[in-house]
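1. Here's my sequence, what's the structure:
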Amino acid sequence: MCAAASGNVLAQAKATDRKASEIASHRTMAAAHEKAAKCLEEGKDEKACHTQLEQECRGLGIGKHCGMKHRHRH
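-> Next comes the predicted model:
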């Protein structure tokens, strides 16, 4: 019974770590999108703003514009 309880605690810890990672990813993507929006509001070139977004979101979102449809692992 102790081994089963230990396994359950480990599984819960992994789920908590995964959830924290997803939250961090969402916040990073949201900040990058906000920065891109400000870039556009300032009248900067759309291509330059999208390039900045692409660089800041590398590895997080899908596609070159950091799509919010990303790599959920449920």
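2. Roughly how far does the most centrally placed residue in the chain sit from A37?
-> With distances taken as Cα atoms, centre = their mean, the residue of the chain nearest its centroid is S25 (2.3 Å). Using Cβ to Cβ, to the nearest Å, S25 is found at 19 Å from A37. For the C-beta atoms, the positions are set from N, CA and C on the backbone; glycine is no exception.
3. And R58, by the same measure?
-> 19 Å.
4. Let me see the mean pLDDT of stretch 28-35.
-> The pLDDT scores in stretch 28-35 average 92.
5. List the buried residues for that stretch?
-> Along stretch 28-35, these residues count as buried under the neighbour rule (16 or more other Cβ atoms under 10 Å): T28, M29, A32, H33.
6. show me where pLDDT drops low in this structure?
-> Applying pLDDT under 70 to the chain flags the ranges 1-7, 68-74.
7. In contact with A48, which residues?
-> Contact analysis of A48 by Cβ atoms under 8 Å, 6 or more residues apart in numbering lists C39.
8. can you tell me how far it sits from L40?
-> Distance from A48 to L40, by Cβ to Cβ: 10 Å.
9. Same question for Q12.
-> 42 Å.
10. which of those two has more neighbours?
-> It is L40, of Q12 and L40, that has more neighbours when counted by other Cβ atoms under 10 Å, with 14 against 10.
11. tell me which residues in stretch 58-65 are buried?
-> L60, G61.
12. Packing partners of the helix ranked longest in the chain?
-> Identified as the longest helix of the chain according to DSSP state H is helix 2-41. When contacts are defined as 3 or more Cβ pairs under 8 Å, 6 or more residues apart in numbering; DSSP states H and E, helix 2-41 packs onto helix 46-57.
13. Now the helix it packs on: buried residues?
-> Of all the residues in helix 46-57, those buried under the rule 16+ other Cβ under 10 Å are C49, H50, L53, E54, E56, C57.
14. what angle separates that helix from helix 2-41?
-> Per axes from the mean of the first three to the mean of the last three Cα atoms, to 10 degrees, the angle that helix 46-57 makes with helix 2-41 is 160 degrees.
15. Turn the buried residues of helix 46-57 into TSV, columns for distance to H65.
-> TSV is the format used below for the buried residues of helix 46-57 (distance: Cβ to Cβ, whole Å):
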residue	distance to H65
C49	10
H50	6
L53	6
E54	7
E56	11
C57	8
